[in-house]
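Participant: Kindly generate the corresponding structure for this input.
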Amino acid sequence: MGIVQNSLEVVKLAAKFANPELIERVTALNEQVLELSSKNVEFQEQVFQLEKQLQQANDKLRLIGETERREGFIYLKTEPEPCCPRCFDVDRVLVRIVKTKLQPAGYRFMCPECETVFAAYPKGLAGAPIS
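Facilitator: Residues are numbered from 1 along each chain as shown. Sure, this is the predicted structure:
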């Protein structure tokens, strides 16, 4: 049985004794128990949110350790394709740079997330010169 159920049982017992002062005190105690129970739920929600934020911060730290900056671009150490330095610096997310075709001819390299256009050919990008 939980604390709230126990406090309700005490109220019922006090009612059996028909003692108005005891009923009043037990009722006040029961209200305090309900208030504490409500605060406990709030604290549990806060703990959950803080644990989630901590996990996100740890994920970002791990990501930082798995990347490197080369010639102005961000590279995941295990991948040859470059990622957008703006998205990484601002949002700490890896977004692959894509090669898009221009009309009527030509190509440009850009980030599909922030739409930054890059003048230089990133090393490792499909179709870009690798030196």
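Participant: all strands for the chain, in order.
Facilitator: Using DSSP state E, the strands of the chain run over 67-70, 73-76, 82-83, 98-101, 107-110, 117-118.
Participant: quick one: low-confidence ranges for the chain?
Facilitator: Flagging of the chain using pLDDT under 70 yields the residue ranges 1, 4, 121, 124-131.
Participant: And the helices in it, which stretches?
Facilitator: Using DSSP state H, the helices of the chain run over 3-17, 20-65, 85-91.
Participant: deepest of the ones you listed, which one?
Facilitator: helix 85-91 (a mean of 15; mean count of other CB atoms under 10 Å). No exception for glycine: its C-beta is placed from N, CA and C like everyone else's.
Participant: How about residues contacting that one?
Facilitator: With contacts defined as CB atoms under 8 Å, 6 or more residues apart in numbering, helix 85-91 is touched by Thr67, Arg69, Gly72, Phe73, Ile74, Val93, Leu94, Val95, Cys111, Glu113, Cys114, Thr116.
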